[in-house]
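Chemist: no sequence for this one, just the structure:
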């Protein structure tokens, strides 16, 4: 089972304890913590080092009575458990015996994957499950007022540092409305006035990306000047938006599987011929803008 599916069913399983294929990523840990809070459970995350689990962990794990809430203990085993001293191995066996989804519950990841192969439930997580589109859909379904497909797709074109950023943007969009999204993310709201509006169903920034990828140099330069000089767009943000599409195009050209990206964007880019010279130009522009005070429009004008 993948971790997103496990989260969707709100940890519903009768497995006495749960193992994970990788150490929990930050966003996975925070979502697990929030699900525990919903279930009125305390979430405790610990690293178990070379000496293995001690009696202190066992004491905390065995402490459950009518006056305390049940806990979820997430343990990441930093060293090979086969090298633990005998007492640590005995503590581990007692933890496994005590663990229960109805009481204090054990979630474990380990640097030694083989050690956890016998767990009652194995959850696939980490880099192989970090698909932005799937997580965005999951976050959107949890909102009191879900965003439209168009708005979710727009968020997926943004440069994100962490998958949880998608969740925060969605929550802020629901709270602040389209006006917040227009100022914070460049969402083109025609009702808000000004020059940054959708033309038909497209945003000028998207038109700019399409012109670059299709080799329409005249339109690309016109939109570059309009976006930067009239709309006050940040050239680094624009390049990041373009870079996302160039990366996908290069993956498609190499017949690599593209994961974690919205299907509509992949379908569109499949129709465009990949141009390696554009990738080379993009790398030079990105480096110059981030490391020097180079003229942005002058750099963009050098597009092949």
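Modeler: Received it, and whenever you're ready, just let me know what you need. All of these numbers come straight from a predicted model, not from anything done at the bench.

Chemist: residue contacts, residue 146?
Modeler: residue 140 (Cβ atoms under 8 Å, 6 or more residues apart in numbering). The C-beta positions use only the backbone N, C-alpha and C, and glycine is treated the same way.

Chemist: where's it, which helix or strand?
Modeler: Secondary structure here is read from DSSP states H and E; on that basis residue 146 sits in neither a helix nor a strand.

Chemist: tell me how far residue 185 lies from residue 88.
Modeler: Using Cβ to Cβ, to the nearest Å, residue 185 is found at 49 Å from residue 88.

Chemist: who has more neighbours, the two?
Modeler: Counted by other Cβ atoms under 10 Å, residue 185 and residue 88 do not tie: residue 88 has more neighbours, with 19 against 16.

Chemist: test my guess that that one contacts residue 49.
Modeler: No. Counting by Cβ atoms under 8 Å, residue 88 stays clear of residue 49, with 10.3 Å between them.

Chemist: all strands of the protein, in order?
Modeler: For the chain, the strands defined by DSSP state E occupy 17-20, 42-48, 71-77, 105-110, 121-123, 198-199, 202-203.

Chemist: same list (those) but as JSON lines, adding mean neighbour count, mean pLDDT and distance to residue 294.
Modeler: Putting those into JSON lines (neighbours: other Cβ atoms under 10 Å; pLDDT from 0 to 100; distance: least, Cβ to Cβ, whole Å) gives the following:
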{"stretch": "strand 17-20", "mean neighbour count": "22", "mean pLDDT": "96", "distance to residue 294": "45"}
{"stretch": "strand 42-48", "mean neighbour count": "15", "mean pLDDT": "94", "distance to residue 294": "44"}
{"stretch": "strand 71-77", "mean neighbour count": "21", "mean pLDDT": "95", "distance to residue 294": "44"}
{"stretch": "strand 105-110", "mean neighbour count": "22", "mean pLDDT": "95", "distance to residue 294": "45"}
{"stretch": "strand 121-123", "mean neighbour count": "19", "mean pLDDT": "95", "distance to residue 294": "47"}
{"stretch": "strand 198-199", "mean neighbour count": "13", "mean pLDDT": "36", "distance to residue 294": "29"}
{"stretch": "strand 202-203", "mean neighbour count": "15", "mean pLDDT": "58", "distance to residue 294": "26"}
